[in-house]
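Q: The following block contains a protein sequence and its predicted model.
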Amino acid sequence: MTSILIKNGHVVDPANHVDGIQDILVENGKIAKVGTSLTTQADEVIDATGLTVTPGLIDLQVHMREPGREDRETIETASKAALAGGITAVVSMPNTSPVADNQAVIEFILKRAHDVGLITVYPSGAISKGQKGHVLTEINEVKNAGAIAITDDGVDVQDENLLRRAFQYAKTCDILVMSHCEVEKLTNGGVMHEGWVSTQLGLPGVPAEVEDLAVHKNIMLANMCGARLHLLHNSTKGATEAIREAKRKGHTNITAEVSVQHFALTDEECFHYNTNAKMYPPLRSQAHIEAIIEGIKDDTYDAFTTDHAPHIEPDKLETFQNAAFGSTGLETSFAVMNTYLVKPGHISFSKGISKMTVEPARILRVNKGTLSVGADADIAIFDTRQEWIVDAYKNSFSKGKNCIFDGKKLTGKAVMVIRGGRLKYQNGEILHT
Ligand SMILES: [Zn+2]
């Protein structure tokens with residue numbers, strides 16, 4: 001095993017309240033030492049002067065598409081895209097083909113991720129067989145195979161009794177439930193946020209209450225069963241208020257995230273029928289964004305994610321109503337957080353990093369997301385001042401070119417990424433060390 005000494009970087013490690021110039025020594029895949037002016041010999045020395053060193057980012061919601069839709073993305077291409085964004089661990093969503101609702105698919109994902117060897121992939125299993133919402137998955141089977149959570153993401157479980165039973169089993173098996181909150185009958189074919197813009201464009205809207213109702217329902221049933229519930233990609237004022245209230249009452253079993261596009265962009269992105277702006281939940285209005293940012297500031301929201309959802313071009317070169325839902329995001333999430341939350345002064349850089357490292361690790365109960373001595377040596381090194389224009393076609397590792405930030409100027413870029421003590425990414429190149 002090689003050793004790496006990172007010198008003179010500005011280390012931001014929220015778990016240990018570190019925010020200053022420090023050196024980090026990596027040995028045998030673990031953090032060996034953190035301190036000022038370390039003089040230990042190492043196989044490789046990285047001069048991080050002027051750069052920012054953080055724990056490797058952890059993304060709780062990624063659609064890797066493999067098995068079954070390798071035309072959209074593979075575990076390998078998603079892993080490369082993740083590294084380019086400073087991300088060293090992800091939770092893969094189960095809406096693959098076949099659906100990850102059994103031991104064989106979970107084991108396949110773990111084996112592929114291990115063979116690719118670039119990032120850590122934590123597979124999630126489906127709540128219901130085939131994500132059809134009728135029959136429960138063998139929850140203990142997927143957990144024993146290595147699933148870190150169960151979710152039907154992509155859809156919500158519409159049958160409240162099935163959802164209740166899922167929470168009961170999840171409590172018994174001690175596995176996290178991740179809910180995509182949507183009352184489908186109320187969505188009623190909507191394709192974007194219901195409001196002034198949808199009226200202008202003549203497109204059917206998704207009212208905010210679609211999410212608000214489902215968030216309330218999920219919180220109530222999870223609490224009734226004492227299960228751990230993580231609420232995926234929240235986007236509304238009502239959801240924020242419901243989660244804040246649950247936390248105020250001391251329900252520590254409830255955690256929640258925001259996908260970065262939902263604090264950055266409004267539904268006005270849908271003008272000109274830009275299908276990259278079509279996603280679920282939809283981009284909302286400015287009033288909802290302001291409520292989401294308040295929820296980020298007061299820690300109603302624990303984590304930031306991408307909801308990375310790659311598609312092939314024909315599925316987006318469609319009318320807005322027929323186009324696929326989703327945007328890619330692995331290569332841009334750090335820069336979006338830095339550009340839209342830190343630069344305008346909404347939150348500190350350290351708080352932003354905590355919601356992409358130690359907080360998601362806490363939700364998953366994994367020993368990552370920190371630079372503590374003994375922790376896995378997953379480290380991202382960023383240039384937080386570098387300005388760049390997103391070009392999903394020319395400069396992206398993801399097979400999906402459907403990035404809502406395409407053409408936008410962002411600030412902050414990963415320069416080097418270490419995972420498991422080995423340098424895996426440097427200045428735009430993937431390293432197979
Ligand atoms: Zn979802």
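A: That came in fine, so what should we check first?

Q: what's the burial count for M224?
A: Neighbourhood size, M224 [other C-beta atoms under 10 Å]: 11. (C-beta placed from N, C-alpha, C; glycine too.)

Q: Which single residue of the stretch 1-150 of the chain ends up nearest the ion?
A: Of all residues in the stretch 1-150 of the chain, Q61 sits closest to the ion, at 7.2 Å by C-beta to the ion.

Q: ok, now the stretch 101-250 of the chain?
A: Using C-beta to the ion, the closest approach of the stretch 101-250 of the chain to the ion is made by H180 at 3.5 Å.

Q: Test my guess that that residue contacts S235.
A: No: using C-beta atoms under 8 Å, H180 makes no contact with S235, being 11.4 Å away.

Q: higher neighbour count, these two?
A: Taking neighbours as other C-beta under 10 Å, H180 and S235 compare with S235 leading, 27 against 23.

Q: in which helix or strand would I find that one?
A: Secondary structure from DSSP states H and E places S235 outside every helix and strand.

Q: Check what pLDDT it gets.
A: We have a pLDDT of 98 for S235.

Q: for the nearest residue to D59 once chain neighbours are set aside, which residues make a bridge with it?
A: Excluding the flanking residues, the one nearest D59 by C-beta to C-beta, 6 or more residues apart in numbering is V90, at 4.6 Å. When bridges are called by DSSP bridges, V90 pairs up with D59, V121.

Q: OK, contacts around G146?
A: I106, E107, L110, P123 (C-beta atoms under 8 Å, 6 or more residues apart in numbering).

Q: Now do the third one: how many residues are near it, please.
A: By that I understand L110. 18.

Q: can you check the first one too?
A: Neighbouring residues of I106 were enumerated by other C-beta under 10 Å; the total is 24.

Q: what's the answer for the second one, then?
A: By the criterion of other C-beta under 10 Å, E107 has 13 neighbours.

Q: What strand or helix carries it?
A: helix 103-116.

Q: Just the CA coordinates for that helix, please, in PDB.
A: Presented in PDB, the C-alpha positions along helix 103-116 are these (Å, rounded to 0.1, in the frame of the first residue of the first chain):
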ATOM      1  CA  GLN A 103     -30.400 -10.800  -3.600                       C
ATOM      2  CA  ALA A 104     -29.000 -11.400  -7.100                       C
ATOM      3  CA  VAL A 105     -29.300  -7.800  -8.300                       C
ATOM      4  CA  ILE A 106     -27.900  -6.400  -5.100                       C
ATOM      5  CA  GLU A 107     -24.900  -8.800  -5.300                       C
ATOM      6  CA  PHE A 108     -24.400  -7.900  -9.000                       C
ATOM      7  CA  ILE A 109     -24.200  -4.200  -8.300                       C
ATOM      8  CA  LEU A 110     -21.800  -4.700  -5.400                       C
ATOM      9  CA  LYS A 111     -19.600  -6.900  -7.600                       C
ATOM     10  CA  ARG A 112     -19.600  -4.500 -10.500                       C
ATOM     11  CA  ALA A 113     -18.800  -1.600  -8.300                       C
ATOM     12  CA  HIS A 114     -15.900  -3.600  -6.700                       C
ATOM     13  CA  ASP A 115     -14.600  -4.700 -10.100                       C
ATOM     14  CA  VAL A 116     -14.700  -1.100 -11.400                       C
END
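
Q: just checking, what packs against that helix?
A: helix 75-84, strand 120-125, helix 139-145 (3 or more C-beta pairs under 8 Å, 6 or more residues apart in numbering; DSSP states H and E).

Q: List the buried residues for it?
A: Q103, V105, I106, F108, I109, L110, R112, A113, V116 (16 or more other C-beta atoms under 10 Å).

Q: what angle separates it from strand 120-125?
A: Per axes from the mean of the first three to the mean of the last three C-alpha atoms, to 10 degrees, the angle that helix 103-116 makes with strand 120-125 is 170 degrees.

Q: Can you tell me what sits against helix 103-116?
A: Contacts of helix 103-116 (C-beta under 8 Å, 6+ apart): 64, 66-67, 75-76, 79, 92, 94, 96, 98-100, 119-121, 123, 125, 141-142, 144-147.

Q: what's the closest non-adjacent residue to the closest residue to the ion within the stretch 301-433 of the chain?
A: When distances are taken as C-beta to the ion, the stretch 301-433 of the chain reaches nearest to the ion at D307, 6.3 Å away. Leaving aside its chain neighbours, D307 sits nearest to S259 (4.2 Å; criterion: C-beta to C-beta, 6+ apart).

Q: Same question for H262.
A: H262's closest residue in space is S235 (C-beta to C-beta, 6+ apart), at 4.5 Å.

Q: Isn't that neighbour up against F263?
A: No: counting by C-beta under 8 Å, F263 is not a contact partner of S235; they are 9.1 Å apart.

Q: Now do the shared contacts for those two.
A: I292.

Q: Am I right that S327 is in a helix?
A: No: secondary structure of S327 (DSSP: H, G, I helix; E, B strand; the rest coil): coil, not part of a helix.
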